[in-house]
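> Sequence isn't available, so here's the structure alone:
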């Protein structure tokens with residue numbers, strides 16, 4: 001590992017292992033506020049829970065940098081079970097889940113009285129008939145076994161309690177893997193950039209947003225409240241560079257550098273913005289790749305929809321196995337993302353013409 005790829009593993013682990021489903025990002029928000037204390041000029045939190053750390057520049061021109069705090073998870077819909085039998089939880093999804101990755105996973109149920117462990121049930125395949133084995137699973141059919149009687153489960157767990165996946169964060173070779181790298185690893189990159197930057201030419205609003213996974217809601221609100229002249233989003237992107245995928249389906253590759261977004265299904269980034277990102281990367285010797293994402297949206301679009309005709313750009317961290325508990329990113333790509341963001345912001349003087 002080179003010096004460039006060394007960063008605060010403890011903070012990254014704390015961020016990725018924290019619990020924060022859409023609308024309930026409290027644990028992550030407290031970490032962000034703490035980290036902003038010594039790196040920005042002022043911090044504010046709005047009614048939705050977005051946190052904005054502002055570095056004052058020498059001009060009125062402002063840049064918003066956004067990374068979202070929320071992770072996909074669940075809310076308890078119903079506590080069920082037979083009378084005098086075991087208790088099970090029915091769930092409502094918060095964000096986009098593929099039911100195939102949920103079977104036999106451990107979860108944590110967050111109740112008013114504290115956290116409880118649970119297991120997503122998965123019947124042994126040899127006990128299923130052929131029709132059931134071939135039936136694609138549905139998120140609505142997922143249930144959680146809490147190891148309690150129905151009566152006790154109903155006493156301790158209520159509809160509306162939150163459920164998150166239970167997973168630790170680990171270094172695996174040259175990669176880091178765990179739950180909620182989407183988007184905590186980009187939140188980490190943003191916090192690191194805020195720490196490194198001093199006396200920027202323009203005002204920079206570092207925005208830790210909420211409810212991205214359920215419709216870019218936090219960014220849409222900040223587009224109005226912050227009203228930046230330029231908005232840059234940080235998010236993970238697809239890296240299908242694994243067996244069973246053809247090269248044309250990779251989107252990005254781990255270890256090939258940070259990704260400069262050209263488009264996703266929610267936004268086409270401003271050409272002059274992504275061209276300047278490329279120029280900065282080349283001038284600074286930062287490895288990069290271009291991202292054309294067929295599906296999926298980011299906070300980039302949230303700012304553009306609500307703040308009018310504003311130039312927008314996005315920097316992405318290539319990540320394998322998105323929306324699972326083993327999301328995986330390359331440490332060099334993380335470091336490159338921090339380097340590019342810092343270099344881009346340090347060279348933004350408000351005089352670049354992004355109009356078409």
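Perfect, I can see it now. Everything numeric here is computed off the predicted structure, so don't read it as measured data. Numbering: from 1, shown residues only.

> Mind checking what secondary structure residue 283 has?
Put simply, residue 283 is helix when judged by DSSP: H, G, I helix; E, B strand; the rest coil.

> Could you find the closest non-adjacent residue to it?
residue 343 (7.9 Å; C-beta to C-beta, 6 or more residues apart in numbering). The way it works is simple: take the backbone N, C-alpha and C, and place the C-beta from them, glycine included.

> Which elements pack onto the host helix or strand of that neighbour?
Assigned by DSSP states H and E, residue 343 falls within helix 331-346. Helices and strands touching helix 331-346, by 3 or more C-beta pairs under 8 Å, 6 or more residues apart in numbering; DSSP states H and E, are strand 62-68, strand 175-178, helix 181-196, strand 230-238, strand 258-263, helix 271-284, strand 312-320.

> between it and helix 271-284, how many degrees?
110 degrees (axes from the mean of the first three to the mean of the last three C-alpha atoms, to 10 degrees).

> chain center to helix 331-346, what's the gap?
When C-alpha coordinates are averaged (C-alpha atoms, centre = their mean, to the nearest Å), helix 331-346 and its chain have centres 17 Å apart.

> now the angle from it to strand 258-263?
Going by the same axes, to 10 degrees, helix 331-346 is angled at 70 degrees with respect to strand 258-263.

> what stretches of the stretch 51-200 of the chain score poorly on pLDDT?
For the stretch 51-200 of the chain, the stretches with pLDDT under 70 are 123-136.

> and after the helix or strand that contains residue 289, which helix or strand comes next?
Per DSSP H and E, residue 289 falls inside strand 288-292. Remark: after strand 288-292, the chain's next helix or strand is helix 299-306, criterion DSSP H and E.

> Outline the domain layout of the chain.
The chain breaks down by automatic domain parsing into domains covering 3-71+179-346, 73-165.

> do you know which of those domains lies nearest residue 355?
Each of the domains of the chain has some distance to residue 355 by C-beta to C-beta; the shortest is domain 3-71+179-346, at 7.6 Å.

> quick one on the thing from earlier: of the domains of the chain, which stretch is the most buried?
domain 3-71+179-346 (a mean of 21; mean count of other C-beta atoms under 10 Å).

> for the helices and strands packed on helix 331-346, which one sits closest to residue 91?
Of those, nearest to residue 91 by C-beta to C-beta is helix 181-196, at 19.3 Å.

> Next, the angle helix 331-346 makes with that closest one.
Computed with the same axes, to 10 degrees, the direction of helix 181-196 lies at 50 degrees from that of helix 331-346.

> tell me how far the helix or strand following helix 181-196 is from the chain's mean position?
Downstream of helix 181-196, the next assigned helix or strand under DSSP H and E is strand 203-209. Remark: strand 203-209 is offset 15 Å from the chain centroid, using C-alpha atoms, centre = their mean.

> so what secondary structure elements neighbour the following helix or strand past strand 203-209?
For strand 203-209, the following helix or strand on the C-terminal side (DSSP H and E) is helix 217-225. Here helix 217-225 touches strand 62-68, strand 203-209, helix 299-306, going by 3+ C-beta pairs under 8 Å, 6+ apart.
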